[in-house]
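Colleague: below are the sequence and a predicted model; questions follow.
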Number of protein chains: 2
Amino acid sequence: MFTVENSKEIKSMFHDKGFKCTPQRLAVLKVLQDTSAYLSINTIHLKVKEFLPDTGLATVYRSLETLVDLNLVVKVHLEDGCHSYVIAPEGHRHPIVCTDCNKVIEFAECPLDDLSKQISEDTGVQIKTHFLQLFGKCKECQA
Amino acid sequence: MFTVENSKEIKSMFHDKGFKCTPQRLAVLKVLQDTSAYLSINTIHLKVKEFLPDTGLATVYRSLETLVDLNLVVKVHLEDGCHSYVIAPEGHRHPIVCTDCNKVIEFAECPLDDLSKQISEDTGVQIKTHFLQLFGKCKECQA
DNA sequence: TATACAATTGAGAAACTTTCTCAATTAGAG
DNA sequence: CTCTAATTGAGAAAGTTTCTCAATTGTATA
């Protein structure tokens, strides 16, 4: 059977929410853990089938939904096209996406935390969440 | 025939890029101008057909592509689901989307302009663009 | 104003993405 | 080990987006 790193922790995360810890779900998680880049559903499906050849596409959709629910994975938007997924960053961070290789680099600061209160006062809108992605060219792709 | 506000300016924007100024394209633009909320393709199609009943769905797709190319319209992502459109804000601004009524409120400051250089230095990534949306509850929906 | 041409349109087909259905399987509690 | 409910795979169905092509239309030019 197939395992991911820290599988005990992950197992209890599944159980805490009443989800079963299935090989398919772990495979989807592992694929994303091993990549740290935005992957489309189809790419994830292909990579999962290297481990578990019988995995159906619908299961990949369902597994991703579950993993997002557990905050282990984030659903993201690329500039053209939607519905890609990446392993969730720890804490409150935002990704920089390399437009050449799709790799994700995180940066620590969130400039919105301070600004949100200011904006709430200025506009009267109760700010609840925000969505921020940066796009650029990573070191390797510059070379 | 159907006109939008500032139609001369808009007409020359089309011509400058070699696009024709068609009633369908103006209708799509007008629908978005009159709403200032994120609208899905289907909603836009319905509203356009109130003016031009024969407009096909494919034309709405194509018109939106053209309007995005002209920077008159922005393609955006809502929290669940994709591919909605809104009239482009002037200058470099980001939207606050009301999660109750989908209305868009803009705020002037872009916190990323200053931060981008800092992040480029820290991470070695050449930051090219960024994507930022805030979500909250607008004044009216709070009442 | 009339003409010619290339861009645009509508309609439906086609491609692609996502969700649903259901019988068979399986994880996990007892 | 057994039982049960959750999960799975497969394909159908639904939904979204793009493509094709003949007919139409905006506009540059005369």
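Modeller: Yep, it's here.
Colleague: so which residues of chain A form strands?
Modeller: A:39-40, A:73-76, A:84-87, A:94-98, A:104-107, A:126-137 (DSSP state E).
Colleague: what's the closest of those strands to DNA strand C?
Modeller: Nearest of the strands of chain A to DNA strand C, taken as Cβ to the nearest atom of the strand: strand A:39-40 at 7.2 Å. For the C-beta atoms, the positions are set from N, CA and C on the backbone; glycine is no exception.
Colleague: do that closest one and chain B meet?
Modeller: No. Contact between strand A:39-40 and chain B is absent, the nearest approach being 13.2 Å (criterion: Cβ under 8 Å from any Cβ of the partner chain).
Colleague: do that strand and DNA strand D meet at all?
Modeller: No. With Cβ under 7 Å from any atom of the strand as the criterion, DNA strand D is not reached by strand A:39-40; the gap is at least 14.1 Å.
Colleague: which ones are touching residue A:59?
Modeller: residue A:24 (Cβ atoms under 8 Å, 6 or more residues apart in numbering or on different chains).
Colleague: and if we set it to 10 Å?
Modeller: Taking Cβ atoms under 10 Å, 6 or more residues apart in numbering or on different chains, we find residue A:59 in contact with A:22, A:24-25, A:27-28, A:45, A:48, A:52.
Colleague: where does pLDDT dip in chain A?
Modeller: Applying pLDDT under 70 to chain A flags residues A:1-3, A:78-82, A:109.
Colleague: which bits of it sit near DNA strand C?
Modeller: So far as Cβ under 7 Å from any atom of the strand goes, chain A lies against DNA strand C at A:11, A:14-15, A:20-23, A:41-42, A:57-58, A:61, A:82-83.
Colleague: could you pull out the helices for chain A?
Modeller: Along chain A, counting by DSSP state H, helices occupy A:7-16, A:23-33, A:41-51, A:57-69, A:112-123, A:139-142.
Colleague: what's the most buried one of these?
Modeller: helix A:23-33 (a mean of 22; mean count of other Cβ atoms under 10 Å in any protein chain shown).
Colleague: that one near DNA strand D anywhere?
Modeller: Yes. Using Cβ under 7 Å from any atom of the strand, helix A:23-33 reaches DNA strand D at A:24-25.
Colleague: so that helix versus helix A:41-51, what angle?
Modeller: Helix A:23-33 runs at 120 degrees relative to helix A:41-51, counting by axes from the mean of the first three to the mean of the last three Cα atoms, to 10 degrees.
Colleague: what's the angle from helix A:23-33 to helix A:7-16?
Modeller: With the same axes, to 10 degrees defining the directions, helix A:23-33 sits at 120 degrees from helix A:7-16.
Colleague: with just CA atoms, put helix A:23-33 into PDB.
Modeller: Extracted in PDB, the C-alpha atoms of helix A:23-33 (Å, rounded to 0.1, in the frame of the first residue of the first chain):
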ATOM      1  CA  PRO A  23      -5.300   5.100  -1.300                       C
ATOM      2  CA  GLN A  24      -6.800   7.300  -4.000                       C
ATOM      3  CA  ARG A  25      -7.100  10.300  -1.800                       C
ATOM      4  CA  LEU A  26      -3.500   9.800  -0.500                       C
ATOM      5  CA  ALA A  27      -2.300   9.400  -4.000                       C
ATOM      6  CA  VAL A  28      -3.800  12.700  -5.100                       C
ATOM      7  CA  LEU A  29      -2.300  14.400  -2.100                       C
ATOM      8  CA  LYS A  30       1.100  12.800  -2.700                       C
ATOM      9  CA  VAL A  31       1.200  13.900  -6.300                       C
ATOM     10  CA  LEU A  32       0.600  17.500  -5.200                       C
ATOM     11  CA  GLN A  33       3.100  17.300  -2.400                       C
END
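Colleague: who's sitting farthest from the centroid in chain A?
Modeller: residue A:122 (32.4 Å; Cα atoms, centre = their mean).
Colleague: next, work out how far apart it and DNA strand C are.
Modeller: Distance of residue A:122 to DNA strand C, computed by Cβ to the nearest atom of the strand, to the nearest Å: 36 Å.
Colleague: distance of the nearest residue to residue A:61 once chain neighbours are set aside relative to residue A:23?
Modeller: Ranked by Cβ to Cβ, 6 or more residues apart in numbering or on different chains and with sequence neighbours excluded, the top spatial neighbour of residue A:61 is residue A:41, at 6.7 Å. Computed as Cβ to Cβ, to the nearest Å, the residue A:41 to residue A:23 distance reads 18 Å.
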